[in-house]
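Trainee: just need the structure, nothing else, for what follows:
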Amino acid sequence: MNRDVDLERFAEARRQVRVLTSGVFGMRGDAELSQIVEEAARAARFPYAAVSIVDQSRLWLAVAYGFDPREFTRPDSFCDAAIQVPGFTPLCVSDAWLEPRFKFAPAVIEMNVRAYYAAPLVTSDGFALGTLCLLDQRPRTVDPGTLRLLTSLANDACAVIDREPNAVAHAQYAIAEISTRIRFAIAERDDAMVALLDEELRRLEAKLTPHWDKDVSASRSP
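Mentor: Okay, the predicted model is just below:
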């Protein structure tokens, strides 16, 4: 396998593990995230906004403004492209119909989205979990001030997601999912991926051991 492709694949695997261990999967409908999304939509005067999380093969909306949260397939999606922009700068699409790579994006097909603006949710250790995005069914542009605000609010949203209690509360889900992916890698005889995922699993378990010990001690207290 080409070394650059290999490095890219492992980087994406680490990003996916970071999504799992962030605790975000327990935050559907979270009040703080909902407030941030509403603030972004109202400030930019967009009818729709969302916190979108990019998982292995799908993206799902933790919270949404102006429409019901839903899931989209990851291939060809706006949010998949947004987390890959160099330097984690905002992705700006003023009219998806005029950009061949987005003409068949899931949000275009399912929601008739034309305009899309997103800032990635970047963790303190440099992983993009997803985006804070603005959407409209008509073409439009936004000014630099709006993009700065969107980036600032995306940072706020990521700080809410990345709180340690969230990760601790949903650690069992993350461990189970990483273990499943290890089994798939073993079945595919992908030793390098097995080693990578096992390393991440051990790191997560080591990080959480003090919390679990504390919980056990508390349960034994008279």
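
Trainee: residue ranges of the helices in the chain, please?
Mentor: 3-21, 31-44, 78-82, 106-111, 144-161, 164-169, 171-187, 191-220 (DSSP state H).

Trainee: next up, the contacts around residue 16.
Mentor: Residues counted as contacts of residue 16 (Cβ atoms under 8 Å, 6 or more residues apart in numbering) are 55, 56. Just so you know, the C-beta spots here come from the backbone N, C-alpha and C atoms, and that holds for glycine as well.

Trainee: and it, how far is that from residue 56?
Mentor: Distance, residue 16 to residue 56, by Cβ to Cβ, to the nearest Å: 6 Å.

Trainee: and residue 18, by the same measure?
Mentor: The gap separating residue 18 from residue 56 is 12 Å, by Cβ to Cβ.

Trainee: rewinding a little: return the most buried member of the helices of the chain.
Mentor: Among the helices of the chain, helix 78-82 has the highest mean neighbour count (mean count of other Cβ atoms under 10 Å), at a mean of 24.

Trainee: show me how this protein divides into domains.
Mentor: Listed by automatic domain parsing, the domain ranges of the chain are 1-22+162-213, 26-161.

Trainee: got these as TSV, with mean pLDDT columns?
Mentor: Output for the domains of the chain, formatted as TSV (pLDDT from 0 to 100):
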stretch	mean pLDDT
domain 1-22+162-213	81
domain 26-161	95
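
Trainee: in contact with the closest residue to residue 34 other than its chain neighbours, which residues?
Mentor: Closest residue in space to residue 34, ignoring its immediate chain neighbours: residue 63 at 4.6 Å, by Cβ to Cβ, 6 or more residues apart in numbering. Under the criterion of Cβ under 8 Å, 6+ apart, the contact list for residue 63 reads 27, 28, 29, 30, 33, 34, 37, 50, 51, 69.

Trainee: kindly recompute the last result at 10 Å.
Mentor: Listed by Cβ atoms under 10 Å, 6 or more residues apart in numbering, the contact set of residue 63 reads 27-38, 49-52, 69, 132, 157.

Trainee: rewinding a little: quick one: closest of the helices of the chain to residue 97.
Mentor: Among those, helix 106-111 comes nearest to residue 97, with 7.7 Å by Cβ to Cβ.

Trainee: now for that closest one, which elements pack on it?
Mentor: The contact analysis (3 or more Cβ pairs under 10 Å, 6 or more residues apart in numbering; DSSP states H and E) places helix 106-111 against strand 48-54, strand 58-65, strand 71-73, helix 78-82, strand 128-136.

Trainee: figure out which of the ones you listed is closest to residue 184.
Mentor: Closest to residue 184 of the helices and strands packed on helix 106-111, according to Cβ to Cβ: strand 58-65, at 16.4 Å.

Trainee: the closest one vs helix 31-44, what angle?
Mentor: 70 degrees (axes from the mean of the first three to the mean of the last three Cα atoms, to 10 degrees).

Trainee: in strand 58-65, what's buried?
Mentor: The neighbour-count check on strand 58-65 (16 or more other Cβ atoms under 10 Å) flags 59, 60, 61, 62, 63, 64, 65 as buried.

Trainee: is it true that residue 71 touches residue 107?
Mentor: No - using Cβ atoms under 10 Å, residue 71 is not in contact with residue 107; the gap is 11.4 Å.
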